[in-house]
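A.B. asks: Fold the stuff below for me.
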Amino acid sequence: MSNETRTIQTWIPMEALRNAETKQKVGVATYKSDDQFNGHKAIMSKVIQIEILGQDIVNLTNPLIMNFPVNNYTNHTNGNYTYSCQYYEKENGIWKPDGCNTTLLSDDVVECSCNHMTAFAVLLVEVNNIDERQWEILSYISYIGCSLSAIFSAFAVLLFIFHRNARAEVSSSIHVSLSGALFLLNISFMLSEWAATLGKEEFCVFIAVMIHYSLLCCFTWMAVEALHLYLLLIRVFNIYIKYYMTKLSLIGWGIPAAVVGSLLTIQNTHPLYGTKNVKLSNSNATNAVCWLKEPLVLYGVNLSYFTVIFLFNLLVILKVSRQIFKLKQVEKKKHKIPVKDAGTVLGLMCLLGTTWGLVFFGSGYTNYIILYLFCISNTMQGASIFLWMCLTMRPDKQKAAHTKSLSTVDTFTIDKQKE
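C.D. replies: Model prediction:
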């Protein structure tokens, strides 16, 4: 196809020609310059276009195979970059990897196998994918953590049902609502990979919707926890609100339902939920999960939603911490190390979901330390809430409520609201 010695070796499957009723012309062309393809600086090979004239060849069972000689890139083994076989989408003028698998045959040859025909090239892209071995370890940690979190969340709900004093306190009602949201999130998350392997897209969409809804509910109830804490410890007076818990429930369960419901209105025309293939680095393997398929919605909705809640919760934590240590100064106990109060603040940070803020440190690249901390800390949130409820419902709670400490969180009762 060219005068160069390093040519692109190409194998066209017979499947692409069997349906032809007449003789077909197969067009194969390479380009000396990639300027007409947006001059992408990361193109590491020649661009080749393969097509059967007059036909749109897609969804091949036996793939089209191309061996690309790639440009010398001395740092191609760097963990931050990798080769990627991609095709050029003329409509939007962008390169996309859909339908192509990448195999590094040698330092200077990349094999691309694609299930359609168009213009192809090998690009150098930044690695944001998770290594296959690391994915397996993180999966084990997540499943174990989610199982424990779901169990403790269920215990928290049962404790609320069978503990008479707990049912009379607004704070416990909020805690158990957050536990319920975490229970739904953990259960639906553990079903995500299994549901994707069943091949039933409707069920996978249902699981993806449940994960998204319960995740937004968790974020919202964390914000409700922070709001309630602010009213109790910062605005101590004039905080009577009629139908207080009913209004909080409408916020905690209603706002996520409105967000997810609005996205479902376009599910038939533009599927947002369903099977998503996560590509694993250093491997041709992909892992299918049930989740949001559109990255713009994933980051545009979830990240912005959580960012607002995270900043609000962080502000409340700072105000509460300041209030706690200010009370210690008034009591003239500055010479003592406030270990108990520091533990209280750490407990509140977990209760309000500030550990979810680790997502900001791993945004845009793969940081395994952040991923491990994120998985461990957030999968144990259910256990943390259960322990918090047990500690705040001890027999000496009423005595502690008269002190100027954080145990006042659980003294704002429903009976007081009905007065």
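A.B. asks: ok, residue 34 to residue 67 distance?
C.D. replies: Shown here: residue 34 relative to residue 67, a distance of 19 Å by Cβ to Cβ, to the nearest Å. In this view, the C-beta of every residue, glycine as well, is placed from N, C-alpha and C.
A.B. asks: Please read the previous query as pertaining to residue 290.
C.D. replies: Separation of residue 290 from residue 67 (Cβ to Cβ): 35 Å.
A.B. asks: Where does the prediction get shaky in the stretch 301-419 of the chain?
C.D. replies: For the stretch 301-419 of the chain, the stretches with pLDDT under 70 are 325, 327-354, 357-367, 393-419.
A.B. asks: Can you show me the strands along this protein?
C.D. replies: 9-11, 26-31, 47-52, 64-69, 81-89, 94-96, 100-106, 109-114, 119-126, 130-131, 273-281, 286-292 (DSSP state E).
A.B. asks: Pull out the buried positions in the first one.
C.D. replies: Right, strand 9-11. For strand 9-11, the neighbour count (16 or more other Cβ atoms under 10 Å) marks residue 10 as buried.
A.B. asks: That strand packs against which elements?
C.D. replies: If you count contacts as 3 or more Cβ pairs under 8 Å, 6 or more residues apart in numbering; DSSP states H and E, strand 9-11 packs onto strand 64-69.
A.B. asks: and the strand it packs on with strand 26-31, angle?
C.D. replies: Strand 64-69 runs at 20 degrees relative to strand 26-31, counting by axes from the mean of the first three to the mean of the last three Cα atoms, to 10 degrees.
A.B. asks: how is this protein carved up into domains?
C.D. replies: Per the record, the chain has its domains at 9-126, 130-418, by automatic domain parsing.
A.B. asks: what's the lengthiest helix in the chain packed up against?
C.D. replies: In the chain, with assignment by DSSP state H, the single longest helix is helix 201-233. Counting contacts by 3+ Cβ pairs under 8 Å, 6+ apart, helix 201-233 packs against helix 170-190, helix 192-197, helix 244-249, helix 255-264, strand 273-281, strand 286-292, helix 304-330, helix 339-351.
A.B. asks: List the buried residues for that helix?
C.D. replies: Within helix 201-233, the residues that count as buried by 16+ other Cβ under 10 Å are 204-233.
A.B. asks: model confidence over it, on average?
C.D. replies: The average of the pLDDT scores along helix 201-233 is 90.
A.B. asks: tell me how far it is from the chain's mean position?
C.D. replies: Relative to the mean C-alpha coordinate of its chain, helix 201-233 is positioned 13 Å out (Cα atoms, centre = their mean, to the nearest Å).
A.B. asks: Measure how it sits relative to helix 304-330, angle-wise.
C.D. replies: Helix 201-233 and helix 304-330 are oriented at 30 degrees to each other (the same axes, to 10 degrees).
A.B. asks: quick one: contacts of stretch 34-51?
C.D. replies: Stretch 34-51 is contacted by residues 1-2, 8, 10, 12, 26-32, 57, 64, 66, 68-71, 73, 83, 88, 93-95, 110, 117-125 when judged by Cβ atoms under 8 Å, 6 or more residues apart in numbering.
A.B. asks: Show me which of those residues are buried.
C.D. replies: Neighbour counting by 16+ other Cβ under 10 Å classes 8, 10, 12, 30, 57, 64, 66, 68-70, 83, 88, 95, 110, 117-125 among these as buried.
A.B. asks: my read: residue 222 touches residue 312, true?
C.D. replies: No: in this structure residue 222 lies outside contact range of residue 312 using Cβ atoms under 8 Å: 9.3 Å.
A.B. asks: Relative to residue 179, how far out is the closest residue in space to residue 256 that isn't next to it in sequence?
C.D. replies: Nearest residue to residue 256 in three dimensions, chain neighbours excluded: residue 216, at 3.5 Å (Cβ to Cβ, 6 or more residues apart in numbering). Distance of residue 216 to residue 179, given as Cβ to Cβ: 16 Å.
A.B. asks: One more: residue 375?
C.D. replies: Counting by Cβ to Cβ, the gap from residue 375 to residue 179 is 19 Å.
A.B. asks: before we move on, what about residue 271?
C.D. replies: Per Cβ to Cβ, residue 271 is found 32 Å from residue 179.
A.B. asks: Name the residue in these two with the higher neighbour count.
C.D. replies: Comparing residue 271 with residue 179 by other Cβ atoms under 10 Å, the one with more neighbours is residue 179, at 28 against 13.
A.B. asks: now do the same end-to-end measure for stretch 112-119.
C.D. replies: 12 Å (Cα to Cα, to the nearest Å).
A.B. asks: what are the phi and psi values for residue 243?
C.D. replies: With angles defined as degrees, to the nearest 10, residue 243 sits at phi 50, psi 50.
A.B. asks: State the pLDDT value of it.
C.D. replies: pLDDT for residue 243: 88.
A.B. asks: count of neighbours near it?
C.D. replies: For residue 243, using other Cβ under 10 Å, the count is 11.
A.B. asks: in terms of contact, does residue 207 touch residue 187 like I think?
C.D. replies: No: with contact defined as Cβ under 8 Å, residue 207 and residue 187 do not form a contacting pair (9.8 Å).
A.B. asks: leaving aside the residues next to it on the chain, what's closest to residue 230?
C.D. replies: Closest to residue 230 by Cβ to Cβ, 6+ apart is residue 316, at 5.1 Å.
A.B. asks: separation between the one you found and residue 174?
C.D. replies: Separation of residue 316 from residue 174 (Cβ to Cβ): 14 Å.
A.B. asks: just the helices and strands packed on helix 201-233: most buried one?
C.D. replies: Of the helices and strands packed on helix 201-233, the one with the most neighbours on average (mean count of other Cβ atoms under 10 Å) is helix 170-190, at a mean of 23.
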